[in-house]
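1. Okay, structure incoming, though there's no sequence with it:
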């Protein structure tokens, strides 16, 4: 077991180093002359030369790589061009809102996806199965930015029942001000017992969370279906069926439990994908997270900011993968021994 | 999947026809996908105002709601939206085709080499794919597209760079599974050169899963390309790209709903059709593989 964990950790570290090198290549090598994009099109040759020196471009490439890696490790992720703040502090203040959004979305996806997947497997080949499979494929085929706009049009513009901008109603700052502990409005309001803000925050969360939930919902429903059907096809379940147990008992007693194991793994993997999907959604809902930060950064060609977010999410992805692998190895000896 | 792949061609084709009849999702996906290809190929004949897909503008006809003359309405500079959506099919399908072709050309040979030779070649190639697969596809292509000049071509390159590792993985698995079989050992013992063995014996065994994966990926590529253009990192005006059209319609959409609705619906329909097709194909040709994306 220790050997397996050590091996996985070493491999994870190797991937992180690879990720750093790849982001270095994207930030420094691909653009041709990063100094030119840094100073803008109207710069004098002196300014360009100064930018060359300031960015360390006059040094050898291996030297630049070492400087870059060193900067990442000590927390110097560069300065954002559009906010003028250090990228790392921007990320720290933006990440919580995105995490709040993605967690809410994953809760919706799990609450709907598991029952839908089960129903689909229970009535395989019949109408409920077809409906769920269609809905699941539609979920993974959904252009989320379009879904966001359409839902805004329906629930805000036409029906006027749900708000569409920000984390909670800013007017509440006068009547019941909220101290920002975590930058997650729902959590902060709960901690302080600030009920008006909590109610407003939940209303503001509904639409963006539903939009971000579309993709994981499809993935989870499909996965639950496949996994239950696989279990039900196994020898021991067929044996139980042959002994004359009714199909309902076979399904709930023997099909369900083993089929739910992979959900933890798939949810962890889908987390990073959903974080990337917020890039397309947050700006539409004026949600103050990483997604709006990336959208604003692409408008101003803010390479340090974009690379910072890329790096952060890739590291989150590698680490969650690692945790999933290790947890699964704990639960299932076949993995660590193979 | 090897059993299925080993079936003679006729039997496979028969299984496919039967599945089409039994599986309405696969059938509808295949039909819509076929229609999309037809629309893309014959766009100049189908679009009522082909010039509007290019640089033409008609300011007096701007922002007209859908009518018999303009079924999808017109945009801010008076271009017929239906014509632009029709031409958009060309752009999305061309991007998907180019990304798939380059991903397969890069990924499959690397994967075959890794699976067949094993050892350090395998380790190096697989660690490199690990690094690329540590990024969600949208994230890496966004970072790349952001440092390149925004254009359809550069968005295509950015997506292809993130896509090839999946094919390397897939081909490696196939190659590794046949590398130890008697007919490969026989070829090796007879002194057949490795490149020839790979081309004649290992590659044909990997074709079916690659086709299934490719049909599954078209939807994802169309979505990623549309997302890049929506963020301003892909197609630029006046290119009739669906994601760009949604983004252009965004500022008018509270009053001019058609500007966002139709191009976005086109993205959904295209991605849905190819995903239904790919899902169905996988169930028919490749029943045991469970995807992880």
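-> Arrived safely. Everything quoted here is computed from the prediction, not taken from an experiment. Numbers count the residues shown, from 1 in each chain, chains lettered A, B, ... in the order given.
2. C-alpha from now on. contacts and neighbour counts both.
-> Will do.
3. Tell me how many other residues crowd residue B:35.
-> Neighbourhood size, residue B:35 [other C-alpha atoms under 10 Å in any protein chain shown]: 14.
4. how far away is it from residue A:99?
-> When C-alpha to C-alpha, to the nearest Å is the yardstick, residue B:35 and residue A:99 sit 40 Å from each other.
5. next one: residue A:305
-> 18 Å.
6. Comparing those two, which shows the higher neighbour count?
-> residue A:305 (29 against 19).
7. and that one, what is it in contact with?
-> By C-alpha atoms under 8 Å, 6 or more residues apart in numbering or on different chains, residue A:305 lies in contact with A:78, A:79, A:80, A:81, A:87, A:294, A:297.
8. so what's residue 276 closest to, chain neighbours aside?
-> Just so you know, I chose chain A. Nearest residue to residue A:276, sequence neighbours excluded (C-alpha to C-alpha, 6 or more residues apart in numbering or on different chains): residue B:139, at 5.9 Å.
9. right idea, wrong chain: chain B
-> Nearest non-adjacent residue to residue B:276 (C-alpha to C-alpha, 6+ apart): residue B:29, at 4.9 Å.
10. For residue A:5, give me its contacts.
-> Per C-alpha under 8 Å, 6+ apart, neighbours of residue A:5: residue A:326.
11. Secondary structure element for it, which one?
-> Counting by DSSP states H and E, the element that carries residue A:5 is helix A:2-24.
12. what do you get for residue A:124?
-> Per DSSP H and E, residue A:124 falls between elements, in no helix or strand.
13. since we're on the closest residue to residue A:68 other than its chain neighbours, how many residues are nearby?
-> Spatial nearest neighbour of residue A:68, excluding adjacent residues (C-alpha to C-alpha, 6+ apart): residue A:24 at 7.4 Å. Other residues lying near residue A:24 total 18 when counted by other C-alpha under 10 Å.
14. how close does the closest residue to residue A:190 other than its chain neighbours get to chain B?
-> Excluding the flanking residues, the one nearest residue A:190 by C-alpha to C-alpha, 6+ apart is residue A:198, at 6.6 Å. Going from residue A:198 to chain B by C-alpha to the nearest C-alpha, to the nearest Å gives 28 Å.
15. What count of nearby residues applies to residue A:198?
-> Around residue A:198 there are 22 residues (other C-alpha under 10 Å).
16. could you list every residue that touches it?
-> Taking C-alpha under 8 Å, 6+ apart as the test, what residue A:198 contacts is A:185, A:186, A:189, A:190.
17. Now do the SS call for it.
-> helix (DSSP: H, G, I helix; E, B strand; the rest coil).
18. Show me where chain A dips below the pLDDT cut-off.
-> Counting by pLDDT under 70, the ranges of chain A that qualify are A:32-34, A:37-38, A:40-41, A:258, A:335-338.
19. For it, what lies in contact range of chain B?
-> When proximity is defined as C-alpha under 8 Å from any C-alpha of the partner chain, chain A approaches chain B at A:15-16, A:18-19, A:26-27, A:30-31, A:130, A:134, A:137-138, A:141-143, A:145-146, A:149-150, A:153, A:157, A:266, A:272-273, A:276-277, A:280, A:295, A:298-299, A:301, A:303, A:306-307, A:310, A:313-315, A:317-318.
20. swap the cut-off to 6 Å and go again
-> A:15, A:18, A:19, A:31, A:138, A:141, A:142, A:146, A:273, A:276, A:314, A:318 (C-alpha under 6 Å from any C-alpha of the partner chain).
21. tell me which element the one residue sitting closest to the centre of chain A is part of?
-> Taking C-alpha atoms, centre = their mean, the centroid of chain A lies closest to residue A:275, which sits 2.3 Å from it. Assigned by DSSP H and E, residue A:275 belongs to helix A:262-285.
22. Mind naming the longest helix for chain B?
-> helix B:81-117 (DSSP state H).
23. Of all the residues in the following helix or strand past that helix, which ones are buried?
-> Using DSSP H and E, the helix or strand that follows helix B:81-117 towards the C-terminus is helix B:119-133. Applying a neighbour-count criterion of 16 or more other C-alpha atoms under 10 Å in any protein chain shown, one finds B:122, B:125, B:126, B:128, B:129, B:130, B:131, B:132, B:133 buried in helix B:119-133.
24. Near residue 285, how many other residues are there?
-> I'll assume chain A. Neighbourhood size, residue A:285 [other C-alpha under 10 Å]: 21.
25. switch to chain B, that's the one I care about
-> Neighbour count of residue B:285, defined by other C-alpha under 10 Å: 22.
26. got it, and residue A:89?
-> For residue A:89, using other C-alpha under 10 Å, the count is 15.
27. What residues sit buried inside the helix or strand harbouring it?
-> If you go by DSSP H and E, residue A:89 is part of helix A:87-122. For helix A:87-122, burial by neighbour count (16+ other C-alpha under 10 Å) applies to A:87-88, A:90-91, A:94-110, A:112-114, A:116-122.
28. that older thread, out of the contacts of residue A:305, which is nearest to residue B:220?
-> Minimum distance to residue B:220 across the contacts of residue A:305 is 20.8 Å, recorded for residue A:294 (C-alpha to C-alpha).
29. ok so, going back, buried sites along the helix holding residue A:5?
-> Under the neighbour-count criterion of 16+ other C-alpha under 10 Å, helix A:2-24 has A:4-5, A:8-9, A:12, A:14-16, A:18-24 buried.
30. Now do that helix: distance to the chain's middle.
-> Relative to the chain's own centre, helix A:2-24 is displaced by 20 Å; criterion: C-alpha atoms, centre = their mean, to the nearest Å.
31. again with stretch B:208-219
-> Mean C-alpha position of stretch B:208-219 versus that of the full chain (C-alpha atoms, centre = their mean) differs by 8 Å.
32. likewise stretch B:236-244?
-> Centroid separation between stretch B:236-244 and its chain, computed with C-alpha atoms, centre = their mean, is 18 Å.
33. Tell me how far residue A:164 lies from residue A:199.
-> Distance of residue A:164 to residue A:199, computed by C-alpha to C-alpha: 14 Å.
34. do residue B:284 as well
-> 49 Å.
35. cool, residue A:321 as well?
-> For residue A:321, the distance to residue A:199 - C-alpha to C-alpha - is 35 Å.
36. Compare those two (neighbour count), which wins?
-> residue A:321 (19 against 15).
37. Just the element for the more buried one, please.
-> Applying DSSP H and E as the criterion places residue A:321 in helix A:303-331.
38. Residue of the stretch 101-250 of chain A closest to chain B, please.
-> At 5.1 Å from chain B, residue A:141 is the closest residue in the stretch 101-250 of chain A, using C-alpha to the nearest C-alpha.
39. wait, isn't that residue in contact with residue B:274?
-> No. Contact criterion C-alpha atoms under 6 Å: residue A:141 and residue B:274 do not qualify, at 9.0 Å.
40. Looking at the two, which has the bigger crowd around it?
-> Comparing residue A:141 with residue B:274 by other C-alpha under 10 Å, the one with more neighbours is residue B:274, at 30 against 26.
41. what sits against the more buried one?
-> Going by C-alpha atoms under 6 Å, 6 or more residues apart in numbering or on different chains, residue B:274 touches residue B:219.
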